[in-house]
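*Asks:* Predicted coordinates and the sequence they were generated for:
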Amino acid sequence: MQDLVNIFVKSIFVDNMVFAYFLGMCSYLAVSKTVKTSVGLGAAVIFVLIITVPVDYLMNQYLLAPGALVWLGAEYASVDLSFLSFIMFIAIIASMVQLVEMIVEKFSPSLYASLGIFLPLIAVNCAILGGSLFMQQREYQSIAEATAFGLGSGIGWFLAIVAIAAIREKIRYSNVPAPLRGLGITFVITGIMGLAFMTFMGIKL
């Protein structure tokens, strides 16, 4: 249980997708103009990550990894389908994003309209694919660990986009120098927030 908590907390603060690896920056910058749309997109990212990472873990363990097909018979022990990882992971991600898009459109048309093109673009959000690839690289030992990592990564991305959206809403009333207005000051604030999150690296988990 302690290992799961460690993975969960580390993926939120220490290995934050935005502030540690700068993944998913396109959606992070484009949708973070208001807190409302940021919360909607952040929740969608959590939903997609918490489903795709465990599913991709199972696919990797029982289909793609070297020797994963041994359950079909001893003659398949040498089969290595890891070269298909990118294609298979993206297929799973695209399917989940399509499901999220249909749910949001049905139950919150206003949020669907405000998110616009960025909702289907979750399918090519590098933070989503990064979650599955990090899971594969770190060789988690169980589906519970993969799920904890996926949930933590989603919450970390959610916190990042909601935080920057709240700051951007407030900063409209500030006297920002003309050359930095818009994305300029957003990049500066993101860098400062990234430095702030680096302080969590000193925590022993």
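*Replies:* That came through, no problem. Model, not experiment: these values are computed from the prediction. Numbers count the residues shown, from 1 in each chain.
*Asks:* give me the low-pLDDT residue ranges for the chain?
*Replies:* 124, 204-205 (pLDDT under 70).
*Asks:* Show me what the longest helix along it packs onto, helices and strands only.
*Replies:* When the chain is scanned for its longest helix (criterion: DSSP state H), the result is helix 143-171. Judged by 3 or more C-beta pairs under 8 Å, 6 or more residues apart in numbering; DSSP states H and E, helix 143-171 is in contact with helix 2-9, helix 25-31, helix 35-59, helix 126-138, helix 183-197. Yep, even glycine has a C-beta here, placed from its N, CA and C like the rest.
*Asks:* between those, which gets nearest to residue 106?
*Replies:* Nearest of the helices and strands packed on helix 143-171 to residue 106, taken as C-beta to C-beta: helix 35-59 at 13.6 Å.
*Asks:* That closest one: how far from the chain's middle?
*Replies:* 6 Å (C-alpha atoms, centre = their mean, to the nearest Å).
*Asks:* for that helix, which positions count as buried?
*Replies:* Across helix 35-59, burial judged by 16 or more other C-beta atoms under 10 Å covers 35, 37-38, 40-57, 59.
*Asks:* rewinding a little: quick one: which of the helices and strands packed on helix 143-171 is nearest residue 108?
*Replies:* Here helix 35-59 is closest among the helices and strands packed on helix 143-171 (C-beta to C-beta), at 7.2 Å.
*Asks:* Now distance to residue 92 too, for the helices and strands packed on helix 143-171, in JSON lines please.
*Replies:* JSON lines is the format used below for those (distance: least, C-beta to C-beta, whole Å):
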{"stretch": "helix 2-9", "distance to residue 92": "21"}
{"stretch": "helix 25-31", "distance to residue 92": "19"}
{"stretch": "helix 35-59", "distance to residue 92": "5"}
{"stretch": "helix 126-138", "distance to residue 92": "8"}
{"stretch": "helix 183-197", "distance to residue 92": "28"}
